[in-house]
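Student: The following comprises the amino acid sequence and a computationally predicted model.
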Amino acid sequence: MIRDARVLRAGFVPREVEHRDAEVNHLSSVLEPITNGEPADTAIVTGPSGTGKTCISQFVTERLREEVLDVETTYVNCWRNYTRFRTLYQILDDLGTTIDIHRQSTPHDELVDRLQQHDGPRTVVILDEVDQLEDPSVIYDLHSLPQFAIICIANKEEELFSRVDDRLVSRLRSSEHVRMDKYHDEQLYDILSARAKWGLDEDVITDDQLYRIADAGAGDARLAIGILRTAAGKADRENHERITDDILLDAAEDARAQIKQKSLDSLTPHQRVVYDIVREHGPVGPSEIHERYSEDVDDPRTKRTIRTYLSKMEQYNLLEAEGTSRDREYALVDSAAASPIQ
Ligand SMILES: Nc1ncnc2c1ncn2[C@@H]1O[C@H](COP(=O)(O)OP(=O)(O)OP(=O)(O)O)[C@@H](O)[C@H]1O
């Protein structure tokens, strides 16, 4: 059943990306100066979840490394490393220069100094989920160091801009933007079909089944590949020769539940408090959420930050918002209402 399980994993970077030629070319052209040993501009990559932002960024930087000897790349998930310290530390760690850094006592400036002194090859830093940084000044830190090129990945550029100070906004506004939209069903079908070809034995899934998965994916390649992986895994465990329609029916729900759990596990402690307030009291408006949240935590973040948390959880299908911006209320997403595989 399964020929190569790696191909079906969420973080897999394929040898060929489908339907993103323009975006790949755009991002490659931003990084092009590096091939001549010159500094490159910052790139901002935005789009909804599962539209290939991480995949395209990694694909382009991998290709760059194939072409040029003197270039390194490093990847930081800023949701996981949401403080300035952790992001800087992660980059230095990748560069192999953290040996004598003490997590508790080393000041930020020293970490920035180390980056400045880094005399290795030019390095492309992918800052994924950059809108999740508690202190986005780390973008500024990196922006001012010519030996580093930055790719900032976020869902919405407004969310990124609303969190950074004016001097950085004007710099980021003049950066190159690569925008990704949700995939059409045909595009998702092609992405799935390539994964099935490399990841599964021949004839274990029909074209019609792949189209139905593409439809249930609703523009999100992460979900679509997740459904394919879940279905193939179950068919394999149960010793079927083919993926049956019954297996497919459950796979969409299981894949959604897995993705939801992963998103929940990614929430920072403050985001989790906000999520729990909506779970207990939703539908609830932002002011009440902020009031309750401020009572629950010792060092509450600003209302604006809480709004970005709510928006992020909406992007990741954990919360849904109803109403206009004035009377907006948030509630948990009703997973049972998501469209099943037809
Ligand atoms: N154009 C494409 N061709 C082939 N595979 C793709 C393409 N776009 C996305 N994928 C695959 O879909 C999955 C999700 O993509 P990716 O993680 O890049 O999405 P994302 O936009 O970064 O989502 P998120 O905001 O949730 O992190 C990955 O397994 C990726 O390899």
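Tutor: Here it is on my side, so go on. The structure displayed is predicted, hence computed values, not measured ones.

Student: what stretches of the stretch 101-250 of the chain score poorly on pLDDT?
Tutor: In the predicted model, the stretch 101-250 of the chain carries pLDDT under 70 at residues 103-105.

Student: where do the strands sit along it?
Tutor: With DSSP state E, counting those that start in this stretch, the ranges of strands along the stretch 101-250 of the chain come out as 122-128, 148-154, 176-179.

Student: what sits up against stretch 152-166?
Tutor: 42-49, 53-54, 57, 126-131, 133, 136-137, 139-140, 169, 172-173, 175, 177, 304-305, 308, 311-312, 315 (C-beta atoms under 8 Å, 6 or more residues apart in numbering). Glycine gets a C-beta too; all of them are placed from N, C-alpha and C.

Student: And for stretch 198-209?
Tutor: Taking C-beta under 8 Å, 6+ apart as the rule, stretch 198-209 contacts 1-8, 189, 193, 196, 228, 231-232, 235, 241-243, 245, 248.

Student: rerun at 10 Å
Tutor: Residues outside stretch 198-209 that contact it (C-beta atoms under 10 Å, 6 or more residues apart in numbering): 1-9, 12, 14-15, 189, 192-193, 196, 212-213, 225, 228-229, 231-232, 235-236, 240-245, 247-248, 341.

Student: for that stretch, how far is the first residue from the last?
Tutor: End-to-end distance for stretch 198-209, by C-alpha to C-alpha, to the nearest Å: 17 Å.

Student: Over to stretch 8-28?
Tutor: 26 Å.

Student: Give the buried residues for it.
Tutor: 8, 12, 17-18, 20, 23-24, 26-28 (16 or more other C-beta atoms under 10 Å).

Student: Stretch 32-46 too?
Tutor: For stretch 32-46, by 16+ other C-beta under 10 Å, it's 34, 40-46.

Student: Out of the residues you listed, list just those in helices.
Tutor: The helices in this structure, assigned by DSSP state H, contain none of the buried residues of stretch 32-46.

Student: and the two most separated of the residues you listed?
Tutor: 34 and 46 (21.9 Å; C-beta to C-beta).

Student: hang on, the earlier thing: ok, and of the contacts of stretch 152-166, which contact the ligand?
Tutor: By C-beta under 6 Å from any ligand atom, the members of these lying near the ligand are 47, 49, 53-54.

Student: From those residues, which one has the minimum pLDDT?
Tutor: Scanning these for pLDDT, the smallest score is found at residue 49, 93.

Student: I'd guess that residue is in a strand, am I close?
Tutor: No. Assessed with DSSP: H, G, I helix; E, B strand; the rest coil, residue 49 is coil; it does not lie in a strand.

Student: Use 49 as the first number from now on
Tutor: With the count now opening at 49, the last piece we talked about shows up as residue 97.

Student: What is the burial count for it?
Tutor: Under the neighbour criterion other C-beta atoms under 10 Å, residue 97 is assigned a count of 18.

Student: What of residue 362?
Tutor: 15.

Student: With the one 5 residues further on instead?
Tutor: The tally of other residues near residue 367 (other C-beta under 10 Å) stands at 21.

Student: cool, residue 218 as well?
Tutor: 10.

Student: for residue 322, same thing?
Tutor: Count around residue 322 with other C-beta under 10 Å applied: 27.

Student: In ChimeraX, how would I select just the buried ones from the contacts of stretch 200-214?
Tutor: Per 16+ other C-beta under 10 Å, the buried members of these correspond to this ChimeraX selection:
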select :90,91,92,93,94,95,96,97,101,102,105,174,175,176,177,178,179,181,184,187,188,220,223,353,356,359,360,363
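
Student: Pull up the residues of the stretch 99-248 of the chain that are close to the ligand.
Tutor: Residues of the stretch 99-248 of the chain lying near the ligand (C-beta under 6 Å from any ligand atom): 99-103, 239.

Student: In a markdown table, list those residues along with distance to residue 160.
Tutor: Formatted as a markdown table, these follow (distance: C-beta to C-beta, whole Å):
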| residue | distance to residue 160 |
| --- | --- |
| 99 | 32 |
| 100 | 32 |
| 101 | 26 |
| 102 | 25 |
| 103 | 30 |
| 239 | 39 |
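
Student: Closest to residue 314 out of those residues?
Tutor: For these, the nearest to residue 314 is residue 102 (13.6 Å; C-beta to C-beta).

Student: Next up, the contacts around the residue nearest to that closest one when sequence neighbours are not counted.
Tutor: Residue nearest to residue 102 in three dimensions, not counting chain neighbours: residue 176, with 5.6 Å by C-beta to C-beta, 6 or more residues apart in numbering. Shown in contact with residue 176 (C-beta under 10 Å, 6+ apart): 93, 101-102, 105-106, 123-129, 199-202.
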